[in-house]
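Student: any chance you can model this:
(chains A and B)
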Amino acid sequence: MAGTLEFSPDDRYNAFITTCRQAPFADGPLAGTAVAVKDNISTAGIQTTCGSRILEGYIPPYDAYVVELLRSSGAAIVGKTNMDEFGMGSTTETSAFGPTRNPVDPGRVPGGSSGGSAAAVAAGLVPMALGTDTGGSIRCPAAFCGIAGLKPTYGRVSRYGLIAYANSLEQIGPMARTVEDVSRLMSVIARYDPRDSTMLDRPYDHRPSAEIKGLRVGIPEEYFGEGVDPRVGESVRDAIGVLEGLGAKTVPVSIPGMRHALAAYYVICTSEASSNLARFDGVRYGPAVDTRKSWHEAYQDLRLEKFGTEVRRRIMLGTFALSAGYAGRYYAKAQIARRNIREDFERAFREVDVIAGPTMPTVAFRLGEKSDPLSMYLSDILTVPANLAGIPAISVPCGKVDGLPVGLQIMGRQFEDERVVDAAYAYEQEVRA
Amino acid sequence: MKTIIGLEIHVQLSTATKLFCGCSTDYRDDEPNTHCCPICLGLPGALPRINRKAVEYGLRVAKALGMTVPEESEFARKNYFYPDLPKAYQITQYDKPLAVKGAVEIEDDEGHEKIVRITRVHLEEDPGRLVHVAGGSKYSLVDYNRSGIPLLEIVTEPDMRSPQEARRFLNKLRAILEYLGVFDGEREGGLRVDANISLEGSERVEVKNISSYKGVEKALTFEVTRQKNLLRRGQKVTRETRHFMEGRGITTSARGKEEEHDYRYFPEPDLRPLRVSDWVAAIELPELPTARKNRFMAQYGISPNHARTLTGDPKLADFYEHVASVDSVLAATWVADTLLGELNYRDMGIAAVPADRFMELLALIRAETITDKAGVQVLREMLDACAAGKPCEPPGVIVEREGLARATGDEFTQVVEKVVAANPQAVEDYRAGKKGALNFLVGQVMKETRGRADPRELGRIVSEFIDTGGV
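Tutor: All right, here's what the predicted structure looks like:
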């Protein structure tokens, strides 16, 4: 039954940038379900900021395709969630609207960049939310907040209306308390949209199955090596043991290209970002430029004032990486490294059906802990490979270390999102029972 | 000193919708910013989607120019800030263009056939347009109606040797594009040219953004003179970008600004590579200008010059073929020499001329009902009516009303008598052997008859009249 949902949450963790007190909804499979949407996904009539001052007050005139799908499935869009500015961060601390706190421990970050969506779900404000994942931005906060989150195969969910950070890497994906709800939301949003030329017509119509007998699970040594908190590794190994108990077989695999994954990832995402973010000039939307200045000066001043430090850092890095005389050394090499990683995964997936490891090398950081950008970048090491390879990857909670959630990451072959969902579902059902 | 010229031509393809969205391309006379959507406005989150028709148009051109279409071509982003560029990058093609290596045949300055090699053609989007408000306003306005119009960039090798050759190349290229139905030559700003020009052994200068055919020849002629003068004075030509000031007919230095641009090209991640080489076989080309010219000469027995002029524009060629049935040679002269000149003078297109009425006019001339001179008068009346949006009267009616029928018999004799009687001095001069005197008398008769007599015939008649002692 269509209607209106009243929504006035106690947003003590600062999960939302915008909330919709009266959220209309239509008939459909999700009728009346409150869904939160990350604030880099365009919503007609609702402010969409990307967590940035440069888009403050921007009200898109159109819905992203996933939002159209949500509305027609009956979901009530109750608000826009906080995020690292333009998705550039792993803690939600770079948001211009203040950090989001982790509901499990408010002294900790919720992870990022979809930290608002993860916190809203973890705090029970909404049962499900949309996030986006460029280098781990769904899986990291899912792991840190103890919920489930799926980064779909690249090309499975329409990016139309997603405000681009790094087009070739990112996907919109579902986040929820349970894998079952992740799967439900996935079947709403994974519909073919000809407006996204990088999509394939591979809709997701799947009910998760816990039957994983004979599933071959690859265990990459690189996911349990240096930099990974041994206690996190231990939790994940225990979780893999649960999968074995359900009839899965483990096989050691190797992704040697991971050595260059972070470098390749940061070159590619900053390069694309430097181009994507160039359009924010205050001419057509967002805070207006000062027309008394020359256009060049006006752009420069506005962008300096409205973009945060991390965004400016990445624009500079990307601009440099694409510059004449340097593009060959950086951008072109990053593409080679990316191809190598993709091939490593393809090779591994000839031996195994899924690959499992930790989502994040540690549990959630304390607020302010990652003040050095490089140490923050390093924490993405286990999530970026799936983005570089374009493969599906899910994070499902698997125990705690020091009372903080740990995420089990399961990656699969391209367009085998169903299989990673099943593996995560099987684990979840087993530990819940 | 050899002149070396190469061109980059941007033509707007005449698709119904824009290159990456469904907005209509026909914004002429419409309000600014009324042919826009999230995609061509570059709104956050909007994604480009390639217009199949634009690709097909590009391939038509590639096939007509005998080009190779690689298995894969790719779009790339050209990054730069400018207020008319809503995404701050232009989606274009960089190192993987749509097609490579082709040729266009033209005539050189001696009238010999020569080949201008085509390096590449690629697709790209047009930016918006800045509107500078009159009256010294402190800001400019932006109109995005043009943003996203498909452009085909055609790059030649430096194969042209004079500004005139460059002009002929453009005329030929334009004809080919119009024959292919991919380009509307009458659209304002539909064609823009960047020209590279150097004198052999000297640095190359790029003249940017010339927006008319005439402008190209003018700009290049100016550059040849400027560069030769520099060298003559013992100075060097600097390698630079220059702008053509259409109004003043000169080029001015862009002061190195353009060279500083680093466009940071990289493959457009929102579009898949194009794999369209197998579309080419299915493209059926129409008869192209050279083939049509040769056919006109053979089929209608007209001169190479007339045939070239008539086939230079497909609409003109169609018009000619329509009216040629009256008398193909007479029609060629009247269309190519007379009608075109009158149309240019009025800034009218051939489409405005009613072919049936024009055929009636040709029939009157052919039957010698009117003289050529009277024919031109009738034609002018017809065109003036068309230009004013009035119905075009039948030429027979105009002849009747204006009394333009060829003067004959008594009327004719009377006029000659009158002129001879009124100019005794001229008659005397003629008798004294002064040739100019006869011309004067003929001219007077012509004036009296308002061109209704054939001047050659008249000369004979006037001299006979005097010689036989009519006076």
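
Student: centre-most residue in chain B?
Tutor: Of all residues in chain B, the one closest to the mean position by C-alpha atoms, centre = their mean is B:Asn171, 6.0 Å from it.

Student: where does it fall, helix, sheet strand or coil?
Tutor: Classification of B:Asn171 by DSSP: H, G, I helix; E, B strand; the rest coil places it in helix.

Student: these two touch, right, it and B:Glu217?
Tutor: No - at 10.3 Å, B:Asn171 does not count as touching B:Glu217 under the criterion of C-beta atoms under 8 Å. C-beta coordinates here come from the backbone N, C-alpha and C atoms, glycine included.

Student: residues near A:Ala332, how many?
Tutor: 13 (other C-beta atoms under 10 Å in any protein chain shown).

Student: okay, and it sits in which element?
Tutor: According to DSSP states H and E, A:Ala332 maps onto helix A:331-351.

Student: hmm, back to that, per-residue confidence for the residue nearest to the centre of chain B?
Tutor: For B:Asn171, the model assigns a pLDDT of 93.

Student: which positions in the stretch 151-300 of chain B make contact with chain A?
Tutor: B:262, B:264-266, B:269-272 (C-beta under 8 Å from any C-beta of the partner chain).

Student: ok, 7 Å please
Tutor: Counting by C-beta under 7 Å from any C-beta of the partner chain, the stretch 151-300 of chain B comes close to chain A at B:262, B:264, B:266, B:269-272.

Student: narrow the residues you listed to those that are buried.
Tutor: B:264, B:266, B:269-271 (16 or more other C-beta atoms under 10 Å in any protein chain shown).

Student: got the domain boundaries for chain B?
Tutor: Chain B is divided into the following domains under automatic domain parsing: B:3-282, B:289-402, B:409-467.

Student: and A:Leu317, which of the three is it?
Tutor: Secondary structure, three-state DSSP: A:Leu317 is helix.

Student: ok, it - how many residues close by?
Tutor: Count around A:Leu317 with other C-beta under 10 Å applied: 19.

Student: can you check A:Asp402 too?
Tutor: 10.

Student: can you show me the CA trace of stretch A:51-63 as CSV?
Tutor: Written as CSV, here are the backbone C-alpha positions of stretch A:51-63 (Å, rounded to 0.1, in the frame of the first residue of the first chain):
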residue,chain,number,x,y,z
GLY,A,51,29.7,15.6,1.7
SER,A,52,31.2,18.7,0.2
ARG,A,53,30.6,22.5,0.6
ILE,A,54,31.0,22.9,-3.2
LEU,A,55,27.6,21.2,-3.6
GLU,A,56,25.9,22.6,-0.6
GLY,A,57,22.3,23.5,-1.6
TYR,A,58,22.5,21.6,-4.9
ILE,A,59,19.1,19.9,-5.5
PRO,A,60,19.3,17.6,-8.5
PRO,A,61,16.5,17.9,-11.1
TYR,A,62,16.6,14.2,-11.7
ASP,A,63,16.8,10.9,-9.9
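
Student: about what we covered before: ignoring the adjacent residues along the chain, who's closest to the residue nearest to the centre of chain B?
Tutor: B:Gly312 (6.2 Å; C-beta to C-beta, 6 or more residues apart in numbering or on different chains).

Student: surely that neighbour and B:Ala175 touch.
Tutor: Yes - between B:Gly312 and B:Ala175 a contact is recorded at 5.1 Å, counting by C-beta atoms under 7 Å.

Student: need the overlap of contacts for these two.
Tutor: Taking C-beta atoms under 7 Å, 6 or more residues apart in numbering or on different chains as the criterion, B:Gly312 and B:Ala175 both touch B:Pro289.

Student: which one of those two has more residues nearby?
Tutor: Neighbour totals were compared for B:Gly312 and B:Ala175, and B:Ala175 leads with 24 against 19 (other C-beta under 10 Å).

Student: in which helix or strand would I find that one?
Tutor: B:Ala175 belongs to helix B:163-179, assigned by DSSP H and E.

Student: likewise B:Ala363?
Tutor: helix B:355-366.

Student: dump that helix to PDB, restricted to CA.
Tutor: The C-alpha trace of helix B:355-366 is given here as PDB (Å, rounded to 0.1, in the frame of the first residue of the first chain):
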ATOM      1  CA  ALA B 355      12.000  24.900 -60.600                       C
ATOM      2  CA  ASP B 356       8.800  24.900 -62.800                       C
ATOM      3  CA  ARG B 357       8.800  28.700 -63.200                       C
ATOM      4  CA  PHE B 358      12.500  28.600 -64.000                       C
ATOM      5  CA  MET B 359      11.800  26.000 -66.700                       C
ATOM      6  CA  GLU B 360       9.200  28.200 -68.200                       C
ATOM      7  CA  LEU B 361      11.700  31.000 -68.300                       C
ATOM      8  CA  LEU B 362      14.200  28.800 -70.000                       C
ATOM      9  CA  ALA B 363      11.600  27.800 -72.600                       C
ATOM     10  CA  LEU B 364      10.900  31.500 -73.300                       C
ATOM     11  CA  ILE B 365      14.600  32.100 -73.900                       C
ATOM     12  CA  ARG B 366      15.000  29.000 -76.000                       C
END
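
Student: all strands of the chain, in order?
Tutor: Using chain A. Here chain A has its strands, by DSSP state E, at A:3-6, A:16-19, A:22-25, A:34-38, A:76-81, A:128-133, A:148-151, A:171-176, A:216-220, A:249-253, A:354-358, A:393-401, A:404-412.

Student: sorry, I should have been clearer: chain B.
Tutor: Secondary structure of chain B (DSSP E): strands located at B:3-12, B:76-79, B:89-92, B:99-107, B:113-125, B:129-132, B:140-143, B:150-156, B:191-199, B:205-210, B:240-245, B:250-253, B:266-267.

Student: what pLDDT is listed against the residue nearest to B:Asn171?
Tutor: 92.

Student: so which residues on chain A come close to chain B?
Tutor: Contact residues, chain A versus chain B (C-beta under 7 Å from any C-beta): A:42, A:61-62, A:64, A:159-163, A:167-168, A:194-198, A:271-272, A:275, A:278-279, A:281, A:283-284, A:291, A:295, A:299, A:319, A:322-324, A:331.

Student: quick check: longest helix in chain B by residues?
Tutor: helix B:213-232 (DSSP state H).

Student: got the contact list for that one?
Tutor: Contact with helix B:213-232 is made by B:1, B:3, B:5, B:163-164, B:166-167, B:170-171, B:193, B:195, B:197, B:199, B:202, B:205, B:207, B:210, B:236-237, B:244, B:246, B:249-251, as judged by C-beta under 7 Å, 6+ apart.

Student: by how many degrees do that helix and helix B:163-179 diverge?
Tutor: Counting by axes from the mean of the first three to the mean of the last three C-alpha atoms, to 10 degrees, helix B:213-232 lies at 160 degrees to helix B:163-179.

Student: what stretches of the stretch 101-250 of chain A score poorly on pLDDT?
Tutor: Applying pLDDT under 70 to the stretch 101-250 of chain A flags no residue at all.

Student: the helices in it, which residues?
Tutor: Ranges of helices within the stretch 101-250 of chain A are A:115-122, A:139-145, A:179-189, A:230-245, based on DSSP state H, counting those that start in this stretch.

Student: TSV for those helices, including mean neighbour count and distance to A:Ala426?
Tutor: Putting those into TSV (neighbours: other C-beta atoms under 10 Å in any protein chain shown; distance: least, C-beta to C-beta, whole Å) gives the following:
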stretch	mean neighbour count	distance to A:Ala426
helix A:115-122	34	21
helix A:139-145	35	18
helix A:179-189	23	9
helix A:230-245	17	7
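
Student: mind exporting the C-alpha coordinates of stretch B:200-214 to PDB?
Tutor: The C-alpha trace of stretch B:200-214 is given here as PDB (Å, rounded to 0.1, in the frame of the first residue of the first chain):
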ATOM      1  CA  GLU B 200      59.200  25.800 -46.700                       C
ATOM      2  CA  GLY B 201      62.100  25.600 -44.300                       C
ATOM      3  CA  SER B 202      60.400  28.000 -41.800                       C
ATOM      4  CA  GLU B 203      58.400  27.500 -38.600                       C
ATOM      5  CA  ARG B 204      54.700  26.500 -38.700                       C
ATOM      6  CA  VAL B 205      51.900  28.800 -37.600                       C
ATOM      7  CA  GLU B 206      48.500  27.600 -36.500                       C
ATOM      8  CA  VAL B 207      45.500  29.900 -37.300                       C
ATOM      9  CA  LYS B 208      42.600  28.900 -35.100                       C
ATOM     10  CA  ASN B 209      38.900  29.000 -35.400                       C
ATOM     11  CA  ILE B 210      38.200  30.300 -38.800                       C
ATOM     12  CA  SER B 211      34.500  30.100 -39.300                       C
ATOM     13  CA  SER B 212      33.900  30.600 -43.000                       C
ATOM     14  CA  TYR B 213      35.100  29.300 -46.300                       C
ATOM     15  CA  LYS B 214      36.100  32.700 -47.500                       C
END
